[in-house]
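> after the sequence you'll find the predicted model.
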Amino acid sequence: QYGELAAQWSNQNASAALSYLIAPSLILILVADQTNAGLANSTAGQVTDLKMTDLFLGAFVLAIFVLAFYLAYHLLKNSMSERNSAGLNNKPSGKGEKEEGKPDDLHLEAEDQVAAPLNKQTVSELKNLVIEILSILAAPLLFSITLIGLLGSGFADISEVATIGALAALMLTATWLNPALRKLAFAVIISFYLLILLKSLFELKITTLQTNLFEAAALFLSFALIAIISLGIWEFFKTCFSYQRDDDTSPMKEVLQQTLLQSSMIFALLLLSSVFLLMIKGLETGPLIQSWLLNMPGGTPVAILVALITMLFLAMLLPHLLAVILFVPIITPQLTELTFSNGNLVNPLWLALLMVMTLQLAYLLRNNKAHPSQIPQTQSEVGTAHTNETKVTYLEKINCLSPYLIIHMIVMTILWFSPELLQFIGL
């Protein structure tokens, strides 16, 4: 009854989990910040700073891996469904009986159709599907790469990058609600990149008006580009605010309220975590944790695995932001002091990426989003209690998400056994 809706539900959960790896993800920012806070407060060993740009780029590469597995899974699933439907539609109506002296032509025809190579129509449909997928992914991937480049080149700090990312999400939403804004969105994107180019070539200051004609022209052109971007942002805001659901509620207002609540919670948690870290440092619990990890049977790999499993259970019980703030700065300094059998120290970037993917698994395992069977499907069901027949157990939810859980564990395994992948991409 809820097959198609359950598939959409699992896709939404998987997409939300994937967003953990896309810059400027709040989880990535907090993991980097708390990792550096823990390393700065470490009382032993060398202090290695974790660069935000490296974490963004490493997470982006992992996101490409996860996304490729997502697409491969869906293409394989659709291909198998089409082959099964073709086989069922061409299956002979009889029970395997055939006239004497005649071959089972219908059965052979069905087998040939299933095993036949891709015809021109199938190739054309596959080509159109690939083009559609690339057109959907182009804008988010382009913005993610741009934000990583801005942060790495020093053009913008992390707060400015986060603001640009929020405005980009606003623009994509507005163009989805009103396709007529696509031309304006294209103009805003071109203006944004031209502004970056002008900033890199000229010193855009008022004092240059009387000294250099080219820099003065660049300054006036930058004002015009900023005006275009501001006009676009205003139109995007108006479009998103004017959108109403069927029950006359505004999703944009809910987004802003949740953003305000989450920002307030983050500041409160950061304040409390600083006090908590000072207490941990004052009690000198670091050497105790360090000795416990060193004496663990199995060595460094087992110690890291136990830490990740602990973080997984902690993230399933607590909000992920709170789990990061409480766990990462305590355990990271101790794990980065451990060495592998080849004598190499634990890479803080490699460890941070494993922690982020552990949080993704925790998100999928928690699956807080309501299952379709728990949502009233008609207006008459609103406000009524659901029967036991429509209840969905936790295991049934996990069954819906099992392909995505397997994909994330495969990518985590690749990262676990291939830390040199970070060196290959220059991290």
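Received the coordinates, thanks. Remember, it's a predicted structure, so these values are computed and weren't measured experimentally.
> around residue 412, how many other residues sit close by?
A count of nearby residues for residue 412, using other CB atoms under 10 Å, gives 19. To be clear about C-beta, it is placed using only N, CA and C from the backbone, and glycine gets the same treatment.
> typed the wrong thing, it's residue 317
Number of residues near residue 317 (other CB under 10 Å) recorded here: 11.
> how far away is it from residue 394?
Going from residue 317 to residue 394 by CB to CB, to the nearest Å gives 15 Å.
> average pLDDT for stretch 75-85, rounded please.
Mean per-residue pLDDT for stretch 75-85: 73.
> wouldn't residue 222 be in contact with residue 200 here?
No. The pair residue 222 / residue 200 is not scored as a contact, 11.8 Å apart, by CB atoms under 8 Å.
> more neighbours: which of the two?
Taking other CB under 10 Å, residue 222 and residue 200 do not tie; residue 222 has more neighbours (17 against 9).
> can you pull the contacts of the more buried one?
By CB atoms under 8 Å, 6 or more residues apart in numbering, the contact set of residue 222 is 195, 198, 199, 204.
> where's it, which helix or strand?
Assigned by DSSP states H and E, residue 222 falls within helix 213-242.
> residue ranges with poor pLDDT in the chain?
1-5, 41-48, 82-123, 207-212, 281, 284-287, 290, 367-392, 422-427 (pLDDT under 70).
> now residue 172: which helix or strand?
In this structure, residue 172 sits in helix 158-177 according to DSSP H and E.
> how much space separates residue 139 from residue 359?
Distance, residue 139 to residue 359, by CB to CB: 26 Å.
> next: residue 408.
Counting by CB to CB - residue 408 and residue 359 are separated by 11 Å.
> equivalent analysis for residue 306, please.
Note on residue 306: its distance to residue 359, by CB to CB, is 17 Å.
> tell me which of the two has more neighbours.
Counted by other CB under 10 Å, residue 306 and residue 359 do not tie: residue 359 has more neighbours, with 24 against 15.
> can you pull the contacts of that one?
Per CB under 8 Å, 6+ apart, neighbours of residue 359: 20, 27, 311, 315, 320, 323, 324.
> just give me the neighbour total for residue 8.
Residue 8 has 12 neighbouring residues, counting by other CB under 10 Å.
> actually, residue 186.
Neighbour tally, residue 186, other CB under 10 Å: 12.
> same check, this time on the one 10 residues further on
The burial count assigned to residue 196 is 17, neighbours taken as other CB under 10 Å.
> ramachandran angles for the closest residue in space to it that isn't next to it in sequence?
Leaving aside its chain neighbours, residue 196 sits nearest to residue 155 (6.7 Å; criterion: CB to CB, 6 or more residues apart in numbering). Main-chain torsions, residue 155, degrees, to the nearest 10: phi -70, psi -30.
> ok, back up a step: dump the contacts of residue 359 to CSV, plus secondary structure.
Listed next are the contacts of residue 359 as CSV, based on DSSP: H, G, I helix; E, B strand; the rest coil:
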residue, secondary structure
20, helix
27, helix
311, helix
315, helix
320, helix
323, helix
324, helix
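> pull the CA atoms of the helix holding residue 172 into CSV?
In CSV, the C-alpha atoms belonging to helix 158-177 read as follows (Å, rounded to 0.1, in the frame of the first residue of the first chain):
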residue,chain,number,x,y,z
ILE,A,158,33.6,30.4,7.0
SER,A,159,30.7,32.6,8.0
GLU,A,160,30.7,34.3,4.6
VAL,A,161,30.8,31.0,2.8
ALA,A,162,27.9,29.7,4.9
THR,A,163,25.9,32.9,3.9
ILE,A,164,26.6,32.3,0.2
GLY,A,165,25.5,28.7,0.6
ALA,A,166,22.2,29.7,2.2
LEU,A,167,21.5,32.3,-0.5
ALA,A,168,22.3,29.7,-3.2
ALA,A,169,19.8,27.3,-1.6
LEU,A,170,17.3,30.2,-1.6
MET,A,171,17.9,30.8,-5.3
LEU,A,172,17.5,27.1,-6.2
THR,A,173,14.2,26.9,-4.3
ALA,A,174,12.8,30.1,-5.8
THR,A,175,13.6,29.0,-9.4
TRP,A,176,12.0,25.6,-8.6
LEU,A,177,8.8,27.4,-7.4
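> next up, the contacts around residue 308.
354, 355, 358.
> and it, that one's in a helix?
Yes. Assignment of residue 308 by three-state DSSP places it within a helix.
> how much space between it and residue 23?
Here residue 308 is placed at a distance of 22 Å from residue 23 (CB to CB).
> likewise for residue 395?
Distance, residue 395 to residue 23, using CB to CB: 34 Å.
> more crowded one of these two?
With neighbours defined as other CB under 10 Å, residue 395 and residue 23 compare such that residue 23 has more, 25 against 7.
> where does that one land in three-state SS?
At residue 23 the chain is in coil, as set by three-state DSSP.
> identify the residue nearest it in space, chain neighbours excluded?
residue 56 (4.2 Å).
> just the helices in the stretch 201-350 of the chain please.
213-242, 251-282, 285-294, 300-317, 320-335, 348-366 (DSSP state H, counting those that start in this stretch).
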